[in-house]
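Participant: any chance you can model this:
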Amino acid sequence: MAVSKSSPPTKTSKKLSRPRQTQILKALADPKRFRLLEKIAKASCPLGCAEALAALAIAPATLSHHIKELETAGLIHAQRQGKFVFLTLNLDVWSALLASLAALTPAYCGPTATAG
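Facilitator: Sure thing, here's the model as predicted:
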């Protein structure tokens with residue numbers, strides 16, 4: 001059975017609630033989780049847990065914990081195939097998060113004059 005590059009459909013709406021945004025940002029705040037996300041994003045196909053384990057040099061239980069946190073936050077999908085688990089980004093959640101963050105950008109009000 002081949003692993004598809006596309007993400008499975010999710011029930012994520014375009015707009016994230018404040019608690020959901022907070023949950024996602026907390027998941028991103030851990031440096032090892034962020035490195036794991038970078039590895040998943042840069043992989044040309046779904047990243048196997050064995051590859052992630054070797055790249056991050058952490059204990060299997062620690063990797064499992066980080067995967068669970070990222071899955072709970074909705075940032076990744078973990079697909080089991082036999083005894084292997086493959087990781088992909090949940091692009092729907094990433095798009096919604098980026099839209100939420102972009103909404104924080106202040107409107108451009110023109111050049112500011114400085115008194116001199």
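Participant: residue 93 and residue 74 touch, don't they?
Facilitator: Yes - in this structure, residue 93 is within contact of residue 74 by Cβ atoms under 8 Å, at 4.3 Å. All C-beta atoms are positioned from the backbone trio N, CA, C, and that covers glycine.
Participant: so residue 107 lies in a strand, does it not?
Facilitator: No - with DSSP: H, G, I helix; E, B strand; the rest coil as the criterion, residue 107 is assigned coil and is not in a strand.
Participant: just the pLDDT at it, thanks.
Facilitator: Note on residue 107: pLDDT of 74.
Participant: gap between it and residue 57?
Facilitator: Residue 107 sits 45 Å away from residue 57, going by Cβ to Cβ, to the nearest Å.
Participant: of these two, which one has the most company?
Facilitator: Shown here are residue 107 and residue 57; by other Cβ atoms under 10 Å, residue 57 has more neighbours (7 against 4).
Participant: residues contacting the more buried one?
Facilitator: Going by Cβ atoms under 8 Å, 6 or more residues apart in numbering, residue 57 touches no other residue.
Participant: ok, now how distant is it from residue 35?
Facilitator: Distance from residue 57 to residue 35, by Cβ to Cβ: 10 Å.
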